[in-house]
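Novice: Here is my input, please return the structure:
(4 chains)
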Number of protein chains: 2
Amino acid sequence: MSPRRVTLADVAKAAGVSRTTASLVLSGRGRELRISQDVEQRVLKTAEELQYRPNIVSRGLRTGSSRTIGFVSDTVATSRLAGDMIKGALEGARDRGFMLFIGETEGDAELERLLLQAMHDRQVDGLILASMFTRTIKVPKTITAAPAVLLNALPKQPAPLPAILPDEVEAGRRAARVLLDAGHRDGIYLIGAGPRLRDVPTESLAAVERLIGIREALGEAGVQVAGARTCPDWQPDYGLEATRDLLRTVQPRALICFNDRIAMGAYQALDDFGLKVPADVSIVSFDDHPIASWVRPQLTTVALPHYELGRKAVDVLFTEIERDRSAAGGVGEVHRVPMPVRHRESVAPSSAAGSSG
Amino acid sequence: MSPRRVTLADVAKAAGVSRTTASLVLSGRGRELRISQDVEQRVLKTAEELQYRPNIVSRGLRTGSSRTIGFVSDTVATSRLAGDMIKGALEGARDRGFMLFIGETEGDAELERLLLQAMHDRQVDGLILASMFTRTIKVPKTITAAPAVLLNALPKQPAPLPAILPDEVEAGRRAARVLLDAGHRDGIYLIGAGPRLRDVPTESLAAVERLIGIREALGEAGVQVAGARTCPDWQPDYGLEATRDLLRTVQPRALICFNDRIAMGAYQALDDFGLKVPADVSIVSFDDHPIASWVRPQLTTVALPHYELGRKAVDVLFTEIERDRSAAGGVGEVHRVPMPVRHRESVAPSSAAGSSG
DNA sequence: ATCGGGCGCTAACCCGATTTAGCAACGAGT
DNA sequence: ACTCGTTGCTAAATCGGGTTAGCGCCCGAT
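Specialist: Got it, this is the predicted structure:
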């Protein structure tokens, strides 16, 4: 059997004071409420000796705060891709002495309802609703029971919820600029989505935004996308198939793959056609999945800042909790986290390149 | 501001009964304590109408249970490899109406201490101590404050803690048998560890056990390991280097790679030497990392049952919690979860194969 | 009339903290 | 001597439930 914990009453008794006094001293309000140095020291010493630790459950009952936040996702907890989001959230929470409840909904609305309920039953101070991939989600009504933020997602209907998202449009621009900077102007193809804004996988916000950024940066340089192949799902086999299909008709000079798994498929297709990366074809991609540094040559990619997203979500959530305490209404601001370029080996200067900057 | 929750007192008042009566009815003890049908129905109806939900924090204060378990790992939450362990644990907990606290220690003992403390402060009913890779760990003393199990780890010093681990020895046997069944008897090399039991990465229990299983199964068939290359860390680049080194002197007929990332490096090395998988060299591996089905040909591998490990850990933890309640002492049983073979495309019959029975 | 006993419900205490209101002792001012 | 203000501490209420002991009532038996 586990031994009984030391309680405030134990400390008070051992120090020969009332529970009130012990509580005041230990919560640092002793000075303010005129507890003598003598008593203060005695209480602190006793607490130390007995290894007293306040019971947060009990405190929570009184104060209404459990010093806990809930992290609810569709399936983010099990995807390595986004595991770092949890890590960021975890560390942000830890810095403030908060713990993290984790829950997965598998995209099931009923499960989500039950999960949120279970978290509210445990008096979470706030909630993070995360999505595995960037998209719009239907915000459950019960969410209003506590402060909340959206992570990697936007509300389908307008809602006063802050959202934290990667800056995908800028990422698109950056990917395009990597190629432009290497002198590429012709034979740039897209694998995964495009060329039109509606040629994207269902619900994928990232696809649309990346596409916008790509077209914008290329457009500014007076460059046209030479063509594109869409993929119903962004997995290696679809990337392989799409790229093969492309190579049967044209020889691209550069590929912008919409994520690293697609890029892996593209590598395989290029290999099949005897084309070398980056000598024959340059490749730039998105996500910075571990695979990006495992393939050869290593893949130049625009990284999803998972860790930063998780941390930012917690930061925003805490300002939201603050706001809630002051009874102020939320506004639903959208926070964009920059996606950094990881320069590796899959991009070479265009052989047709003129001046280099 | 979030609206105030409906409390038991609200229900009691609305139903015109005492809090006691309401509590008895709602906790199902009404019949036992002779509450009339009439009152019982009234209370249930009122609770339903007011959408009453008991506050678990409050209940926890009285009963000592928070209906929550803690999942503490070195860095398991952020590794896709092991994310499914969390998923398994999550679902096991959910089935019992429990939530999961998540925490990472980064291998830092002080962080671990603080984390366990924070969890105990929140009255967790039990703890799962998980490791990202199978190994022995130093069990913190404070662990005795609540029931606990080890996941993917064994205690360094003898401790009465149950442990849940993949059956690595049998996995080793299975990997070897995959090759034996395909008729391979000669030219079988190991990449990652071996050939001696002490030729393994530091602290890696999996390496030792897989090696034991491999040697056992091969030995029973009267087959010798032709040679081996160790890797200081089981990453693709080390696998690549080790395999290259091997290919400079011999031409293997089959490789047993100690995990899929190493196998990926091996693929690259074989490609460099113009050798085809599986026509020239068969490969069998461990883990069933996503990459195993992305490489071509797809990799035959013995899967780590992450999901089952997580679930099993929760199951064992609950029997442990039960045991704790009955004040019985723990025994520290070791539970082994089978690792299934994923037959894919990287193993071909040995060209020198004779009879196949 | 009195007692015993089952029935149906509730008062009151408990969990472990926080917090409000206020008490006792003492010195200073009038 | 009396009021007033500090100082230093504590009693008691509170959070939202679970749990124990027992109260009032009615019926039947003595």
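
Novice: so when I look at A:I191, I'm seeing a strand, right?
Specialist: Yes - counting by DSSP: H, G, I helix; E, B strand; the rest coil, A:I191 falls inside a strand.

Novice: mind checking how far the closest residue to it other than its chain neighbours is from B:E168?
Specialist: Leaving aside its sequence neighbours, A:I191 sits nearest to A:C257 (CB to CB, 6 or more residues apart in numbering or on different chains; 4.7 Å). To be clear about C-beta, it is placed using only N, CA and C from the backbone, and glycine gets the same treatment. Separation of A:C257 from B:E168 (CB to CB, to the nearest Å) stands at 37 Å.

Novice: and those two? which has more neighbours close in?
Specialist: A:C257 (31 against 24; other CB atoms under 10 Å in any protein chain shown).

Novice: Isn't that one up against A:A193?
Specialist: No - A:C257 lies out of contact with A:A193 (CB atoms under 8 Å); the separation is 9.9 Å.

Novice: So A:L50 sits against A:K13, correct?
Specialist: No - counting by CB under 8 Å, A:L50 does not reach A:K13; the two are 10.0 Å apart.

Novice: List the contacts of A:V124.
Specialist: The neighbourhood of A:V124, defined by CB atoms under 8 Å, 6 or more residues apart in numbering or on different chains, consists of A:66, A:68-70, A:101, A:146.

Novice: Am I right that A:V72 is in a strand?
Specialist: Yes - the assignment for A:V72 (three-state DSSP) places it in a strand.

Novice: For it, the count of nearby residues, please.
Specialist: 25.

Novice: got it, and A:S285?
Specialist: Neighbours of A:S285 (other CB under 10 Å): 31.

Novice: Okay, and it sits in which element?
Specialist: strand A:282-287 (DSSP states H and E).

Novice: That strand: which residues count as buried?
Specialist: A:282-287 (16 or more other CB atoms under 10 Å in any protein chain shown).

Novice: next one: stretch A:266-281
Specialist: A:266-270, A:275, A:277-278, A:281.

Novice: can you list the residues that contact it?
Specialist: Residues contacting stretch A:266-281 (CB under 8 Å, 6+ apart): A:191, A:236, A:239-244, A:246-247, A:251-255, A:257, A:283, A:295, A:297, A:345-348, B:296.

Novice: For the residue of the stretch 101-250 of chain A found nearest DNA strand C, which non-adjacent residue is spatially closest?
Specialist: The stretch 101-250 of chain A approaches DNA strand C most closely through A:Q123 (12.3 Å), counting by CB to the nearest atom of the strand. Leaving aside its chain neighbours, A:Q123 sits nearest to A:S66 (4.4 Å; criterion: CB to CB, 6+ apart).

Novice: need the contact list for that neighbour.
Specialist: Applying CB under 8 Å, 6+ apart, the residues near A:S66 are A:56-57, A:60, A:122-125, B:57, B:122.

Novice: elements contacting the longest helix seen in chain A?
Specialist: Once chain A is assigned using DSSP state H, the helix that runs over the most residues is helix A:306-325. Where contact means 3 or more CB pairs under 8 Å, 6 or more residues apart in numbering or on different chains; DSSP states H and E, helix A:306-325 is packed against helix A:80-95, strand A:126-137, strand A:148-155, strand A:163-166, strand A:334-337.

Novice: My read is that A:L246 contacts A:T230, right?
Specialist: No - contact between A:L246 and A:T230 fails when scored by CB under 8 Å: they sit 11.1 Å apart.

Novice: Compare the two and say which is more crowded by neighbours.
Specialist: A:L246 (22 against 19).

Novice: Please identify the helix or strand for the closest residue in space to that one that isn't next to it in sequence.
Specialist: Closest residue to A:L246 apart from its sequence neighbours, by CB to CB, 6+ apart: A:R229 at 5.3 Å. Using DSSP H and E, A:R229 sits within strand A:227-230.

Novice: and that strand, which strands flank it?
Specialist: strand A:188-192 (parallel) (DSSP bridges).

Novice: what angle sits between the strand it pairs with and strand A:282-287?
Specialist: Following axes from the mean of the first three to the mean of the last three CA atoms, to 10 degrees, one obtains 30 degrees for the angle between strand A:188-192 and strand A:282-287.

Novice: contact partners of the next helix or strand after strand A:188-192?
Specialist: Going down the chain from strand A:188-192, the next helix or strand is helix A:205-220, by DSSP H and E. Outside of helix A:205-220, the residues within contact range by CB under 8 Å, 6+ apart are A:133-136, A:154, A:165-166, A:168-177, A:180, A:188, A:190, A:192-194, A:197, A:200-201, A:224-225, A:256, A:258, A:286.

Novice: ditto for stretch A:185-193
Specialist: For stretch A:185-193, using CB under 8 Å, 6+ apart, the contacting residues are A:179, A:199-201, A:204, A:207, A:210-211, A:214, A:218, A:221, A:223, A:225-231, A:234, A:239, A:242-243, A:246, A:250-259, A:262-263, A:266, A:350, A:352.

Novice: what's in contact with the strand holding A:S285?
Specialist: A:81, A:171, A:175, A:178-179, A:182, A:184, A:206, A:210, A:253-263, A:266-267, A:277, A:292, A:299-304, A:339, A:346-348, A:350.

Novice: Tell me which other helices or strands the lowest-mean-pLDDT helix or strand in chain A touches.
Specialist: Taking mean pLDDT, DSSP states H and E as the measure, chain A has helix A:80-95 as its least confident helix or strand, at a mean of 86. Counting contacts by 3+ CB pairs under 8 Å, 6+ apart, helix A:80-95 packs against strand A:68-73, strand A:99-104, strand A:126-137, strand A:148-155, helix A:306-325, helix B:80-95, strand B:99-104.

Novice: so how far is the longest one from its chain's centroid?
Specialist: To tie it back to what came earlier, the one meant is helix A:306-325. 12 Å (CA atoms, centre = their mean, to the nearest Å).

Novice: quick one: is it near DNA strand C?
Specialist: No - applying CB under 7 Å from any atom of the strand, one finds helix A:306-325 out of contact with DNA strand C, separated by at least 12.1 Å.

Novice: Flag every buried residue along that helix.
Specialist: Buried-residue list, helix A:306-325, by 16+ other CB under 10 Å: A:306-318, A:320-321, A:323-324.

Novice: give me the low-pLDDT residue ranges for chain A?
Specialist: Applying pLDDT under 70 to chain A flags residues A:1-2, A:76-82, A:352-357.

Novice: go with 80
Specialist: Applying pLDDT under 80 to chain A flags the ranges A:1-3, A:75-83, A:327-330, A:351-357.

Novice: and chain A, what are its domains?
Specialist: What automatic domain parsing lists as the domains of chain A is A:8-54, A:63-161+A:306-338, A:168-304.

Novice: Check the stretch 251-357 of chain A for the residue nearest DNA strand C and tell me.
Specialist: For the stretch 251-357 of chain A, CB to the nearest atom of the strand, closest residue to DNA strand C: A:R325, 12.1 Å.

Novice: Oops, could you answer that again for chain A instead?
Specialist: For chain A, CB to the nearest atom of the strand, closest residue to DNA strand C: A:T7, 2.9 Å.

Novice: you'd agree that residue is up against A:V57?
Specialist: No - A:T7 lies out of contact with A:V57 (CB under 8 Å); the separation is 12.0 Å.

Novice: More neighbours: the two, which one.
Specialist: Applying other CB under 10 Å to A:T7 and A:V57 shows that A:V57 carries more neighbours, namely 23 against 17.

Novice: From B:P140, how far out is the more buried one?
Specialist: In this view, A:V57 and B:P140 are 22 Å apart by CB to CB.

Novice: next one: A:I256
Specialist: 49 Å.

Novice: middle-most residue in chain A, spatially?
Specialist: A:L309 (3.7 Å; CA atoms, centre = their mean).

Novice: Now do the contacts for that residue.
Specialist: A:85, A:88, A:151-152, A:164-166, A:337.

Novice: Please apply the same query to A:W234.
Specialist: Contacts of A:W234 by CB under 8 Å, 6+ apart are A:192, A:201, A:258-259, A:261-262.

Novice: Without its sequence neighbours, what residue ends up closest to it?
Specialist: A:N259 (4.9 Å).
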